[in-house]
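Asks: would you be able to build a 3D model of this:
(2 chains)
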Amino acid sequence: GENVEQHPSTLSVQEGDSAVIKCTYSDSASNYFPWYKQELGKGPQLIIDIRSNVGEKKDQRIAVTLNKTAKHFSLHITETQPEDSAVYFCAASSRNEKLTFGTGTRLTIIP
Amino acid sequence: DVKVTQSSRYLVKRTGEKVFLECVQDMDHENMFWYRQDPGLGLRLIYFSYDVKMKEKGDIPEGYSVSREKKERFSLILESASTNQTSMYLCASSSPKGSYEQYFGPGTRLTVT
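Replies: Below is the predicted model:
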């Protein structure tokens, strides 16, 4: 089955700086790569996703890049703000109903 | 607004008890999921249902069963709770007609003593 590795497990950045979280996956058939954000006391929520026919996708301060050859994808957050502090999960899927999640990154924004 | 609700936020049960975790979604979604979340392990899929009375094992189904008698409700059952089932349990739903985005409930923190 699919295996998704996520790094780093914790990340602290100064407010206003950029944050990058990286994931690798094992199944070359995977074609859907979402990112979820989990705030304290809440369930994860989708923030951005990318499909395998696209190399990069951007939504305001967040962007995701995908390298299918290397089987890795990354989340980029620019101009970080305190409300970006949360746990972030990457995921991969070859069947769109089922996701395999990474182990999560706890992002802390330092004011 | 999309909503997934879980019956309890916190639950404490004793070893050997039968435990029911309930999840209800109001979006008419076909797919429903149960995950457990543990520090350093991320979210791991326990069971998945793609229609009423249909279910599929996820990555860690041992010790769990599920029931889906109605489209909006998906129950996770721990037949005989054990201490290693102490965890955060998350329910989610999605629709194959939409974007496949999974909508999560707030989670149930289960402690088995």
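Asks: for the residue of chain B most remote from its centre, which non-adjacent residue is spatially closest?
Replies: No residue in chain B sits farther from the centre than residue B:97, which is 21.5 Å out by Cα atoms, centre = their mean. Excluding the flanking residues, the one nearest residue B:97 by Cβ to Cβ, 6 or more residues apart in numbering or on different chains is residue B:30, at 7.8 Å. All C-beta atoms are positioned from the backbone trio N, CA, C, and that covers glycine.
Asks: what's the longest strand in chain B?
Replies: Ordering each strand of chain B by length in residues (DSSP state E) puts strand B:42-51 first.
Asks: contacts only, for residue A:17.
Replies: residue A:80 (Cβ atoms under 8 Å, 6 or more residues apart in numbering or on different chains).
Asks: now the residue of chain A found nearest chain B, what's its secondary structure?
Replies: With Cβ to the nearest Cβ as the measure, residue A:43 is the residue of chain A nearest to chain B, at 3.0 Å. Look at residue A:43: counting by DSSP: H, G, I helix; E, B strand; the rest coil, its state is coil.
Asks: next, work out how far apart it and residue B:108 are.
Replies: 11 Å (Cβ to Cβ, to the nearest Å).
Asks: same check, this time on residue A:45
Replies: Taken as Cβ to Cβ, the span from residue A:45 to residue B:108 is 18 Å.
Asks: show me which of the two is the more surrounded one.
Replies: residue B:108 (21 against 14; other Cβ atoms under 10 Å in any protein chain shown).
Asks: which ones are touching that one?
Replies: Neighbour list for residue B:108: B:6, B:7, B:8, B:9, B:10, B:11, B:21, B:88, B:89 [criterion: Cβ under 8 Å, 6+ apart].
Asks: so where's the chain uncertain?
Replies: Chain wasn't specified; assuming chain A. Along chain A, the model assigns pLDDT under 70 to residues A:96.
Asks: the chain in question should be chain B.
Replies: B:1-2, B:98.
Asks: which bits of it sit near chain A?
Replies: Neighbours of chain A within chain B, by Cβ under 8 Å from any Cβ of the partner chain: B:4, B:31, B:35, B:40-45, B:48, B:50, B:58-59, B:90, B:92, B:94, B:96, B:99-102, B:104-107.
Asks: can you find the residue of chain B that comes nearest to chain A?
Replies: Closest point on chain B to chain A, by Cβ to the nearest Cβ, is residue B:104, at 3.0 Å.
Asks: hmm, the residue nearest to residue B:97 is touching residue B:54, no?
Replies: No. Counting by Cβ atoms under 8 Å, residue B:30 stays clear of residue B:54, with 9.3 Å between them.
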